[in-house]
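Novice: Give me a 3D structure for the following:
(one chain, ligands or ions: 1)
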Amino acid sequence: MRLYDSLQARPVEIKTRKPNEVSMYVCGLTVDGPPHLGHGRFALCFDLLRRWLEFEGNKVVHVSNITDVDDKIILRAETEGTSIDEVAKKYEQAWWEAVDALNVKRPSYVPHATQYIENMVNVISKMMTDGFAYETPDGIYLEVSKIKDYGALAHQELSTLKVGARVEVSPYKRSGLDFALWKFVKNSDVFWPSPWGNGRPGWHTECVVMSLDLLSDDFDIHGGAEDLIFPHHENERAQAEALGRKFARYWVHNGWVVVEGEKMSKSQNNFTTIKELLLSHDPRAYRLLVARSHYRSPVDVTKDSLKDAESALRRLDDFATRFNLQDVPEIDKKDQDYKVFKSYMDDDLDTPKAVAHIFSLINDAHNLADTSGIESAKNTAYKAAALCLILGLNLNNRSKDTYPENIKELLEARQNARQNRDFSRADEIRNELAALGFEVMDTPEGQKLKST
Ligand SMILES: [Zn+2]
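Specialist: Numbering: from 1, shown residues only. I've put the predicted structure just below:
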């Protein structure tokens, strides 16, 4: 499989450390507020990658962290008049609820920053001893000029790299790009002891420490959203180099979610939470919207793009209903359509083409059923459904048995009315079903529903 490696700035053939095993670290969430669609997107992109790698017979060891100590969490705790533990617990729970609703597989390991403080202190001590880090009145900093290829991941000249979000401004730093490994704490009760004084770790240290601890040197994929490339991932690499550790083989980054041309982010305050989206949309619609865009491209989440995804989803469910798909078995890997699908997925996870192939199979199945009957198209139909499952997309067969109780009762009553030739009653029920969002169709296989 080829994936675009941000460090080499080109798609490369993935060669894993161990055969048939992929170790993958994906930067997780800072739990300082409700997760938004940008977070949902990174979770879905790496879920699509993981599901594909697993379907292809790899064991995937997937680590994704929770940052449960951070200036923003402390601020939130102060404004909510509660503790950082309470804030972190509340928003971490919101995160898992969102992830579960989106049918994203949970990571194999979920390290929390606060569980790794001692480990981080040890690592910082080593960087101090080896001359990569220095102490100032407000904290310990890594001196980036000691790192020979600093800036290689960002692909920018050092002089053009901006001291921006999450690179501390401090009068004591030797260079604007030096970053905090340990911040001394004076006016807060959120701190841990260290050889240099009470404080808390800088954000960039936790991921390098946790990834190397759980996946060890030379792990395969380090992932995250593309806004993490600089400074976060650049600074993780810098620390790994300072520690003499072999770090990630490949860097994979997903594009962000865009709202009217602007990146969706907490700091822009232009975000929709996952919970808000799911109040009015099927979670599968968001998965489909994400899968129909290439993972490295921006995704515009608008009313129209969501409506589009929902109508595509309806086509999928109508299809599953028409063919009465049940217990869909895995697709045969020798199948020609699987090979086509695979060629797209292996080409830098080209899910838009893979999804388009599924829809063309669905069209084929419908056409075949129209001309030669349902049975002759079932094989094609089951293949299309099996490919959907590889993308984590479960189809909803709305044929009679799967409808909610009240709908089943209406269908039964309508059937009785028709048998008794009480067509005005049958039409009344048709209208009742329409009011509930279903169009009833009388087909040779009996009554079928289509959502409107
Ligand atoms: Zn990280």
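Novice: Where does the stretch 101-250 of the chain get nearest to the ion, residue-wise?
Specialist: C207 (3.2 Å; CB to the ion). For glycine as for every other residue, the C-beta is placed from the backbone atoms N, C-alpha and C.
Novice: what number of residues lie near that residue?
Specialist: 27 (other CB atoms under 10 Å).
Novice: what's it in contact with, if anything?
Specialist: 25, 27, 65, 232, 236 (CB atoms under 8 Å, 6 or more residues apart in numbering).
Novice: do that again at 10 Å, thanks
Specialist: The contact partners of C207, by CB atoms under 10 Å, 6 or more residues apart in numbering, come to 25-28, 63, 65, 67, 111, 113, 116, 222, 224, 228, 232-233, 235-236, 239.
Novice: Give me the buried subset of the residues you listed.
Specialist: With neighbours counted by 16 or more other CB atoms under 10 Å, these contain buried members at 25-28, 63, 65, 67, 111, 113, 116, 222, 224, 228, 232-233, 235-236, 239.
Novice: Cross these against strands and list the overlap.
Specialist: Counted as lying in strands by DSSP state E, out of those, are 25-28, 63, 65, 67, 222, 224.
Novice: just to revisit the earlier point, out of the contacts of C207, which touch the ion?
Specialist: Contacts with the ion within those, as defined by CB under 5 Å from the ion: C27.
Novice: what residues does the stretch 201-350 of the chain put near the ion?
Specialist: C207.
Novice: what residue ranges in the stretch 201-350 of the chain score low on pLDDT?
Specialist: Within the stretch 201-350 of the chain, no range satisfies pLDDT under 70.
Novice: which residue ranges form the strands in it?
Specialist: 221-225, 250-254, 257-259, 262-263, 299-300 (DSSP state E, counting those that start in this stretch).
Novice: For the first one, name the packing helices and strands.
Specialist: Think strand 221-225. With contacts taken as 3 or more CB pairs under 10 Å, 6 or more residues apart in numbering; DSSP states H and E, strand 221-225 sits against strand 2-5, strand 21-30, helix 37-55, strand 59-67, helix 203-215, helix 234-242, strand 250-254.
Novice: Low-confidence bits of the stretch 1-150 of the chain, can you list those?
Specialist: Across the stretch 1-150 of the chain (using pLDDT under 70), nothing gets flagged, so there are no ranges to list.
Novice: gap between the closest residue to the ion within it and M120?
Specialist: Distances between the stretch 1-150 of the chain and the ion by CB to the ion are smallest at C27, namely 3.2 Å. Distance of C27 to M120, given as CB to CB, to the nearest Å: 16 Å.
Novice: what's the answer for E409, then?
Specialist: On the measure of CB to CB, E409 and M120 end up 60 Å apart.
Novice: the more surrounded of those two?
Specialist: M120 (22 against 12).
Novice: if I read this right, the more buried one contacts L212, doesn't it?
Specialist: No: taking contacts as CB atoms under 10 Å, M120 lies outside contact range of L212: 11.4 Å.
Novice: between the ones in strands among the buried ones among the contacts of C207, which is closest to V340?
Specialist: V26 (28.3 Å; CB to CB).
Novice: ok, longest helix in this structure?
Specialist: helix 351-372 (DSSP state H).
Novice: and the angle for that helix with helix 37-55?
Specialist: 70 degrees (axes from the mean of the first three to the mean of the last three CA atoms, to 10 degrees).
Novice: on contacts alone, who are the packing partners of helix 351-372?
Specialist: Partner elements for helix 351-372 (3+ CB pairs under 10 Å, 6+ apart): helix 37-55, helix 283-291, helix 303-322, helix 336-345, helix 374-390.
Novice: could those helices go into a markdown table alongside mean neighbour count?
Specialist: Below are the helices and strands packed on helix 351-372 laid out as a markdown table (neighbours: other CB atoms under 10 Å):
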| stretch | mean neighbour count |
| --- | --- |
| helix 37-55 | 24 |
| helix 283-291 | 23 |
| helix 303-322 | 17 |
| helix 336-345 | 17 |
| helix 374-390 | 20 |
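Novice: Just confirm N254 contacts T351, I think it does.
Specialist: No: look at N254 against T351 with CB under 10 Å: they stay out of range, at 11.4 Å.
Novice: any common contacting residues for those two?
Specialist: 44-45, 48-49, 290, 293-295.
Novice: Could you identify the most distant pair in these?
Specialist: Most distant of these, by CB to CB, are L49 and S293, 14.2 Å apart.
Novice: Would it be right to say that D442 lies in a strand?
Specialist: Yes: per DSSP: H, G, I helix; E, B strand; the rest coil, D442 lies within a strand segment.
Novice: Just give me the neighbour total for it.
Specialist: D442 has 13 nearby residues by other CB under 10 Å.
Novice: re the thing from before, quick one, the longest helix of the chain and helix 374-390 angle?
Specialist: 170 degrees.
Novice: and helix 351-372, what's its mean pLDDT?
Specialist: Per-residue pLDDT over helix 351-372 has a mean of 97.
Novice: same deal with stretch 169-186?
Specialist: pLDDT averaged over stretch 169-186 gives 91.
Novice: likewise stretch 375-387?
Specialist: 97.
Novice: Please compute how far that stretch lies from its chain's middle.
Specialist: Centroid displacement of stretch 375-387 relative to its chain, using CA atoms, centre = their mean, to the nearest Å, is 28 Å.
Novice: ditto for stretch 430-442
Specialist: 36 Å.
Novice: Likewise for stretch 130-142?
Specialist: Worked out by CA atoms, centre = their mean, stretch 130-142 lies 35 Å from the chain centre.
Novice: ditto for stretch 279-292
Specialist: For stretch 279-292 - counting by CA atoms, centre = their mean - the centre lies 12 Å from the chain centre.
Novice: tell me, how many neighbours does Y4 end up with?
Specialist: With other CB under 10 Å as criterion, Y4 counts 18.
Novice: ditto for the one 4 residues further on
Specialist: By other CB under 10 Å, 11 other residues sit near Q8.
Novice: Report the secondary structure state of it.
Specialist: Strictly by three-state DSSP, Q8 counts as coil.
Novice: quick one, what contacts it?
Specialist: With CB under 10 Å, 6+ apart, Q8 has these contacts: 152, 250-251.
Novice: Save these as TSV, and put in neighbour count too.
Specialist: Shown next, in TSV, are the contacts of Q8 (neighbours: other CB under 10 Å):
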residue	neighbour count
A152	16
Y250	20
W251	23
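Novice: Now flag whichever of the residues you listed is closest to I331.
Specialist: Y250 (27.4 Å).
Novice: Give the bridge partners for the closest one, please.
Specialist: Bridge pairing for Y250 (DSSP bridges) gives the partners I221.
Novice: That concludes my questions; thank you for your assistance.
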